[in-house]
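In: Quick one, structure for this:
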Amino acid sequence: MNRVFFDLSSFLFWSEESLDNKRLISKDGVIDTNGAISMDGSDIDPEVREMLRLLSDAGFSINVCDTVPASHIREVLSNAGIQEHFELIVSSEDTKALAENLKKLRRPGDFSIFVGSNEDVIEAADQAKIPTVAYGMDTRAIWDKTFCTARNPLSVQDQIYTWKMVHEIATAAISKGVRVLGIDGMEFAGKTFFVDKLSRYFDLLGKDNTIIDTEDFRRGKEARYKGEDMGEAFYMNGYNFEKLIDEVLVPFKRDGMLDTVVYCVDIEEEAFVNEIPYKVSEDGIMILEGSMMYRDPLLQYFDMTVYMRVDYKEAEHRATLEETPIYGEDPSEVLNDKIIPAQKLYRARHDPFINRDFVIDNSNYHRPFFIV
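Out: Now for the predicted structure:
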């Protein structure tokens, strides 16, 4: 089951976009500019109504979890005319009791997420191993306590769907006893942001994990540009996968754990001087993030594979927004002259969509989705 828990403030808060729209059509009365329109539910953001309808239609169980009395919650939902969307009300002034009630509701494999700004409920959700989305007034005060933030009902939905996707991959990896989880995709596909979310979700579930980025195993400039065709040179020689295998993957597979230091290439100095420690516990998952990985000799070492797709045009757009040079060069030039040609070779020779456990289209990074 997929459950979304909201606190009461989620329905009393109006996003700035909705407030602006209301100001345009309002002829009488005063609009409270701090974002709260009413406290009794008689006037709620139309986008909230639409969000609840869409989540209900998508099969989500919608619930309220708060520290205010259940009778007041029911009154607000009734005044707003949205009570039909809700299944359960979880109410208690005691954080521990809230956490226990949330735990009791969840069955193995269930996905749950909390949306709101009540710090007591956020703490309870964390104890119940439920990710949280900060939404409402003064969310800056709780940013460090939540998984992410949303500025309007549409972005709330974006976060719900994204974390549901993360949940499916994380729980599948844990249930299958995965030790090496691959996240592959071209540059600007959004791998790093997604891997960070996945790692944090593993942390929430109490699963030790370590991220290893194949960017640490780039070859020197001479090897990357070997030959006349830049794309083919990058495809063939861009990464030192042999070093990754010999010094990281083979020891990890052999010993069931890893505690080592690897000397990797410093791109500017063109020397093996970057000292990078890697540590994966006996029960930990290695998240291997990289590009063009699902081919020999690397493919055999993965227990689960995820491929992240992005349109080339979208990648080009993201490259124009990048201020940090790639390999000391202009991001747009590197993408068009080297990365995209290399990716085309990779897709033609080792179609990364085939035999993957999960394929994600991340062309719209606000709302990624699984490709079946």
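In: Which parts of the protein are strands?
Out: 2-6, 61-66, 86-91, 111-116, 132-134, 148-149, 180-185, 209-213, 258-266, 271-280, 285-290, 304-309, 358-361, 369-370 (DSSP state E).
In: Which strands border the second one, and is each parallel or antiparallel?
Out: Using DSSP bridges, strand 61-66 pairs in its sheet with strand 2-6 (parallel), strand 86-91 (parallel).
In: Name the stretch from the ones you listed that approaches residue 186 most closely.
Out: strand 2-6 (30.4 Å; Cβ to Cβ). Heads up, the C-betas are built off the backbone N, CA and C, glycines and all.
In: angle of the closest one against strand 111-116?
Out: Interaxial angle, strand 2-6 versus strand 111-116 (axes from the mean of the first three to the mean of the last three Cα atoms, to 10 degrees): 10 degrees.
In: ok now strand 2-6, how far from the chain's centre?
Out: Taking Cα atoms, centre = their mean, to the nearest Å, one finds the center of strand 2-6 at 17 Å from the center of the full chain.
In: same question, stretch 162-179
Out: That offset, for stretch 162-179, works out to 12 Å (Cα atoms, centre = their mean).
In: can you check stretch 131-147 too?
Out: With Cα atoms, centre = their mean, you get 16 Å for stretch 131-147.
In: now could you export just the CA positions of that stretch as PDB?
Out: C-alpha atoms of stretch 131-147 as PDB (Å, rounded to 0.1, in the frame of the first residue of the first chain):
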ATOM      1  CA  PRO A 131      10.600  10.100   4.700                       C
ATOM      2  CA  THR A 132       9.300  13.600   5.200                       C
ATOM      3  CA  VAL A 133       8.600  16.600   2.900                       C
ATOM      4  CA  ALA A 134       8.600  20.100   4.400                       C
ATOM      5  CA  TYR A 135       5.600  22.000   3.200                       C
ATOM      6  CA  GLY A 136       3.800  25.000   4.800                       C
ATOM      7  CA  MET A 137       4.900  28.200   6.500                       C
ATOM      8  CA  ASP A 138       8.400  28.800   7.700                       C
ATOM      9  CA  THR A 139       9.800  25.600   6.300                       C
ATOM     10  CA  ARG A 140      13.400  26.900   6.500                       C
ATOM     11  CA  ALA A 141      13.400  26.200  10.200                       C
ATOM     12  CA  ILE A 142      12.800  22.500   9.500                       C
ATOM     13  CA  TRP A 143      14.900  21.900   6.300                       C
ATOM     14  CA  ASP A 144      17.600  20.100   8.100                       C
ATOM     15  CA  LYS A 145      15.000  17.800   9.700                       C
ATOM     16  CA  THR A 146      13.300  16.700   6.500                       C
ATOM     17  CA  PHE A 147      14.300  14.900   3.400                       C
END
